[in-house]
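> Provided below are the primary sequence and the corresponding predicted coordinates.
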Amino acid sequence: MSSTFGRIFRIATFGESHGGGVGVVVDGCPPRLEISAEEIQRDLDRRKPGQSRLTTPRKEADQVEILSGVFEGVTLGTPIAMLVRNADARPSSYENMKDLFRPSHADFTYEAKYGLRNWQGGGRASARETIGRVAAGAIARKILKQVAGIEVLAWVDRVQNVQAKVDSSKVTLEQIEASMVRCPDGDASQEMIERIDEARNRKDSLGGVVSCVARNVPPGLGEPVFEKLTAQLAAAMFSLPAVKGFEVGSGFAGTELYGSEHNDPFIPGKDGVPDTSSNRSGGIQGGISNGQPIEFNVAFKPTATIGVAQQTVDRDNNPTTLEAQGRHDPCVLPRAVPMVEAMTCLVLVDDWLRQCSVQVLD
């Protein structure tokens, strides 16, 4: 099973949804970076369950423990191990589903691959695995901010067909966090909340889109040909649970334009570096960052585990009906926001460190 990510700044996550705990080992973090458990905890608190009625009622503090790699408040340059213990696991809630395959979940495919599966909450297929990514992403975020002033922000842009109106150049963390659903558009946020409440009351679920912007990214990040920045970001986002789509810049809508409409004209910029008068490329051209804000969208499907009766089969291929039990998000979007940010930070910090190794010294 592949549980590692990155080339220079590498992470390996571990743990299952209802096991003893989950976590991550970070290797390749530069030494002498000031970092604290409190800084990492801030991002984990944005991801944890039980934040509001819109999320799973599972109660977990998700308190991070730094086991190695940090001494007297700074990184040592050695592997950083972080652990979050599971406190509110209830594997018995899944007892009635252990011999059934939940529709559109990973139950059947994991068993087809390995010949067995952890049926308690989905095991490694559970979104609880992303705790390790968010913890590692908090360290990556600190590096990016310190060395380049890079800021990564994500927000809920759409739930079902409720579309927000957001200016990506002006949106702030405070605006995002002021909304229960993490949508900075007040009117759209309220309608999204109502839609999610309705789905939750019906024991159903909804999907939508998370938008992300990375500001102050220097030009030159990305590795042609097979590790273009677009490809790396796409792979990072598709590694998250429930992701069904990814687009950069103009995305699919750009296919409706003429080339003369779609191209981003160059104009003189600061310090002798060219600028562009538009950003339909989403900050990436030829798979390499061009200095403009990196902008992309990530589509998430409705949560697969729902209480509505669904047709399925058991392990002996007998038809049956499933009404799933347990505690699940009626919409993954609000908690997916810090996950998208974390994976973006992990991609960018890895590419920034790689770029440091290819520049010719003056």
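Arrived safely. Residues are numbered from 1 along each chain as shown.

> CA only for contacts and neighbour counts going forward, please
Noted.

> Which residue ranges of the stretch 251-362 of the chain form strands?
266-267, 275-276, 284-285, 288-289, 294-300, 310-313, 319-322 (DSSP state E, counting those that start in this stretch).

> Residue 97: which of those strands is closest?
Ranking these by distance to residue 97, with C-alpha to C-alpha as the measure, places strand 319-322 first at 7.9 Å.

> and that closest one, how far from the chain's centre?
Averaged C-alpha coordinates place strand 319-322 at 32 Å from its chain's average position (C-alpha atoms, centre = their mean, to the nearest Å).

> Tell me which strands it pairs with, and in which orientation.
When pairs are called by DSSP bridges, strand 319-322 turns out to pair with strand 310-313 (antiparallel).

> Mean neighbour count, the strands of the stretch 251-362 of the chain: which tops it?
Compared across these, strand 294-300 shows the largest average neighbour count, a mean of 24 (mean count of other C-alpha atoms under 10 Å).

> would you list every one of the helices in the chain?
Shown for the chain, the helices assigned by DSSP state H span residues 37-47, 107-114, 130-148, 173-177, 186-201, 229-238, 259-262, 333-356.

> which stretch in those helices is the model least sure about?
Note on those: lowest mean pLDDT is at helix 107-114, with a mean of 92.

> Who is residue 155 paired with across the strands?
Residue 155 has the following beta-bridge partners by DSSP bridges: residue 211.

> In contact with it, which residues?
176, 182-184, 210-212, 334, 337 (C-alpha atoms under 8 Å, 6 or more residues apart in numbering).

> Switch the helices of the chain over to JSON lines; also include distance to residue 83 and mean neighbour count.
Compiled in JSON lines, these are given as follows (distance: least, C-alpha to C-alpha, whole Å; neighbours: other C-alpha atoms under 10 Å):
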{"stretch": "helix 37-47", "distance to residue 83": "11", "mean neighbour count": "18"}
{"stretch": "helix 107-114", "distance to residue 83": "25", "mean neighbour count": "15"}
{"stretch": "helix 130-148", "distance to residue 83": "8", "mean neighbour count": "23"}
{"stretch": "helix 173-177", "distance to residue 83": "25", "mean neighbour count": "15"}
{"stretch": "helix 186-201", "distance to residue 83": "31", "mean neighbour count": "18"}
{"stretch": "helix 229-238", "distance to residue 83": "22", "mean neighbour count": "20"}
{"stretch": "helix 259-262", "distance to residue 83": "46", "mean neighbour count": "11"}
{"stretch": "helix 333-356", "distance to residue 83": "17", "mean neighbour count": "24"}
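
> Now render those helices as a markdown table, adding distance to residue 275.
As requested, the helices of the chain are arranged in a markdown table below (distance: least, C-alpha to C-alpha, whole Å):
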| stretch | distance to residue 275 |
| --- | --- |
| helix 37-47 | 33 |
| helix 107-114 | 47 |
| helix 130-148 | 18 |
| helix 173-177 | 26 |
| helix 186-201 | 33 |
| helix 229-238 | 19 |
| helix 259-262 | 16 |
| helix 333-356 | 20 |
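
> Could you report the neighbour count for the residue nearest to residue 186 when sequence neighbours are not counted?
Sequence neighbours aside, residue 179 is the residue nearest to residue 186 in space, at 7.6 Å (criterion: C-alpha to C-alpha, 6 or more residues apart in numbering). Here the number of neighbours of residue 179 (other C-alpha atoms under 10 Å) works out to 18.

> wait, residue 179 sits on residue 189?
Yes. Using C-alpha atoms under 8 Å, residue 179 is in contact with residue 189, at 6.7 Å.

> How about residue 111: what's its closest non-neighbour residue?
Residue nearest to residue 111 in three dimensions, not counting chain neighbours: residue 117, with 5.4 Å by C-alpha to C-alpha, 6+ apart.

> Low-confidence regions, the stretch 151-300 of the chain specifically.
Within the stretch 151-300 of the chain, no stretch has pLDDT under 70.

> Just the endpoints, please. Distance across stretch 318-328?
Its first and final residues considered, stretch 318-328 spans 26 Å by C-alpha to C-alpha, to the nearest Å.

> Tell me who's in contact with residue 100.
Taking C-alpha under 8 Å, 6+ apart as the definition of contact, the neighbours of residue 100 are 312-315, 322.

> For stretch 112-123, list every residue counted as buried.
Neighbour-count burial for stretch 112-123, with 16 or more other C-alpha atoms under 10 Å as criterion, is recorded at 117-123.

> who touches stretch 123-130?
Residues from elsewhere that reach stretch 123-130, judged by C-alpha under 8 Å, 6+ apart: 13-18, 22-23, 106, 117-118, 240-241, 339.

> Now do it: distance to the chain's middle.
Mean-position distance between stretch 123-130 and its chain equals 12 Å (C-alpha atoms, centre = their mean).

> and what of stretch 84-100?
In terms of C-alpha atoms, centre = their mean, the centre of stretch 84-100 is set 24 Å apart from its chain centre.
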